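J.: No sequence on hand, only this structure:
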């Protein structure tokens, strides 16, 4: 690009990964995409097809699966395309749109995970009040409010992206369109942009994370009062696995966004790796942690596959009778 250019028609994505590791990374990311897509789609189908599962807890799980499904389809296909072809031109408007969608999904996920933690807190600590406090309506209301909060925080970020000017390059050394990376290659020297990223990370990251940790710590305290050893092990196992998913999402994302805003530089490869881990690993793990370990979900999956297996037999029987 000419040094005098201040507006561009497209960005070129260039995923900064080591050449000797590229084939392995492509294979791993492809496996993650297939697993994430199938796992979350299955969870949604089971909850929709089984009326007994249409309760607040499973609505939370279904909404989480929907968020994960949209996230994986928004990010991973473009990541794979960039890594396979080594570069990928993206129209300016499409890049800005992906920044908004990806950032909004991250914000929504942090808020939704905190709501799920509060739901488990109420269920364990105040079981008698749970039916009155948590209903399908409150779950839907919480999901809508989370979307509105996320949009209110992310829209200014998207507007900031349109203010950036580029005079040296339009190549983003990242697998997807990313605001912080865009700021680094721009010629706009204003600290407000990365400062806003750090502020968003703090508000949407630290706040919900404190709420999640507080909820689970209270659940653990309640579990210690359970006389049954098996009951304690079950609660502790649930808390540990849930916190594992939360940590896998929060730690890389918080560090990748907060550190640059605080003036601590990260290499392109480290930034790419941290952001990829935070964005694509949790959507794959969530169905396993939150859904497939649940007896009702497992029973629903069995019934769904049983019904699918019987359908061809029913069709053949009807055809024979005709």
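T.: Noted; the coordinates are in hand. None of these values were measured; they are calculated from a predicted model.
J.: going forward, measure contacts and count neighbours with C-alpha atoms only.
T.: Will do.
J.: Quick one: the helices in the chain, in order.
T.: All helices of the chain, identified by DSSP state H, fall at 22-49, 56-85, 92-125, 130-133, 136-163, 179-185, 192-201, 207-224, 229-261, 268-286, 295-321.
J.: I'd like those helices laid out as a markdown table, including distance to residue 170 and mean neighbour count.
T.: What follows is the helices of the chain, written out as a markdown table (distance: least, Cα to Cα, whole Å; neighbours: other Cα atoms under 10 Å):
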| stretch | distance to residue 170 | mean neighbour count |
| --- | --- | --- |
| helix 22-49 | 23 | 18 |
| helix 56-85 | 15 | 20 |
| helix 92-125 | 10 | 20 |
| helix 130-133 | 51 | 13 |
| helix 136-163 | 13 | 16 |
| helix 179-185 | 8 | 19 |
| helix 192-201 | 18 | 19 |
| helix 207-224 | 35 | 17 |
| helix 229-261 | 20 | 17 |
| helix 268-286 | 16 | 20 |
| helix 295-321 | 47 | 12 |
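J.: could these go into a markdown table alongside mean pLDDT?
T.: Listed next are the helices of the chain as a markdown table, based on pLDDT from 0 to 100:
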| stretch | mean pLDDT |
| --- | --- |
| helix 22-49 | 91 |
| helix 56-85 | 90 |
| helix 92-125 | 91 |
| helix 130-133 | 91 |
| helix 136-163 | 93 |
| helix 179-185 | 86 |
| helix 192-201 | 84 |
| helix 207-224 | 87 |
| helix 229-261 | 77 |
| helix 268-286 | 82 |
| helix 295-321 | 70 |
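J.: Dump those helices to a markdown table, plus distance to residue 15.
T.: Output for the helices of the chain, formatted as a markdown table (distance: least, Cα to Cα, whole Å):
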| stretch | distance to residue 15 |
| --- | --- |
| helix 22-49 | 10 |
| helix 56-85 | 6 |
| helix 92-125 | 15 |
| helix 130-133 | 47 |
| helix 136-163 | 20 |
| helix 179-185 | 12 |
| helix 192-201 | 21 |
| helix 207-224 | 30 |
| helix 229-261 | 16 |
| helix 268-286 | 8 |
| helix 295-321 | 37 |
